[in-house]
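Whatever this is, show me its structure:
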Amino acid sequence: GRLAEARQMLEPLGPAGQETLADLLVEAQDWPGAAAALGAHLRAALLAGDAALAEAAQRAVLRQAAILTLAGDEAALAALRAQYGPRLTEPRLAAAFQALTGDPMRGLSDLPRLQQELQLFRSLPSRLEALRAGVPVAR
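Here you go, the predicted model:
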């Protein structure tokens, strides 16, 4: 269908088409596909190293964390945390990233962290909430 046609047009563009493909896959709620496409874009767009990322790049990495969370890919979340976590310097974005990529809740000792994360997610923009809920997000 429409998604297959878009994929055929965007994949030959390489990393430049992957971000748009990721957007389309998010709309289709194909979380693993969207994570793969956005991951390819991030690997090509973001320079390796330890330098802090620009705010737009930090938002893209946070978006990848949200998509990987929806995909349930804990291994990829751990890899994302190791690769980009130290490079997120904007406090709200870094806190949201940590909440998304942190180890899963395992017991009562995690309750303080859960409370902190709930407060954080209440303050996130409605776009991220719409993404979590699977509602198409207007641009």
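
Please, where are all the helices along this protein?
With helices called from DSSP state H, the chain shows them at 2-10, 15-27, 31-45, 55-71, 74-84, 91-101, 111-122, 126-133.

could those helices go into TSV alongside mean neighbour count?
Every C-beta, even on glycine, is put in place using the N, C-alpha and C of the backbone. Below are the helices of the chain laid out as TSV (neighbours: other Cβ atoms under 10 Å):
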stretch	mean neighbour count
helix 2-10	12
helix 15-27	19
helix 31-45	20
helix 55-71	20
helix 74-84	16
helix 91-101	19
helix 111-122	12
helix 126-133	14
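
Throw those helices into TSV and include mean pLDDT, thanks.
Formatted as TSV, the helices of the chain follow (pLDDT from 0 to 100):
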stretch	mean pLDDT
helix 2-10	81
helix 15-27	87
helix 31-45	92
helix 55-71	92
helix 74-84	92
helix 91-101	89
helix 111-122	64
helix 126-133	58
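
contacts for stretch 18-35?
3, 6-7, 10-11, 37-38, 40-41, 44-45, 60, 64, 67-68, 70-73, 76, 131, 134, 136-137 (Cβ atoms under 8 Å, 6 or more residues apart in numbering).

6 Å instead, please
Stretch 18-35 is touched from outside by 3, 6, 10, 37-38, 40-41, 67-68, 70-71, 134, 136, with contacts defined as Cβ atoms under 6 Å, 6 or more residues apart in numbering.

Output those as TSV; include the columns distance to residue 85.
Output for the contacts of stretch 18-35, formatted as TSV (distance: Cβ to Cβ, whole Å):
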residue	distance to residue 85
3	32
6	32
10	29
37	22
38	17
40	20
41	19
67	16
68	13
70	19
71	18
134	26
136	29
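
so who does the most centrally placed residue in the chain touch?
With distances taken as Cα atoms, centre = their mean, the residue of the chain nearest its centroid is residue 64 (1.8 Å). Residues near residue 64 by Cβ under 6 Å, 6+ apart: residue 38.
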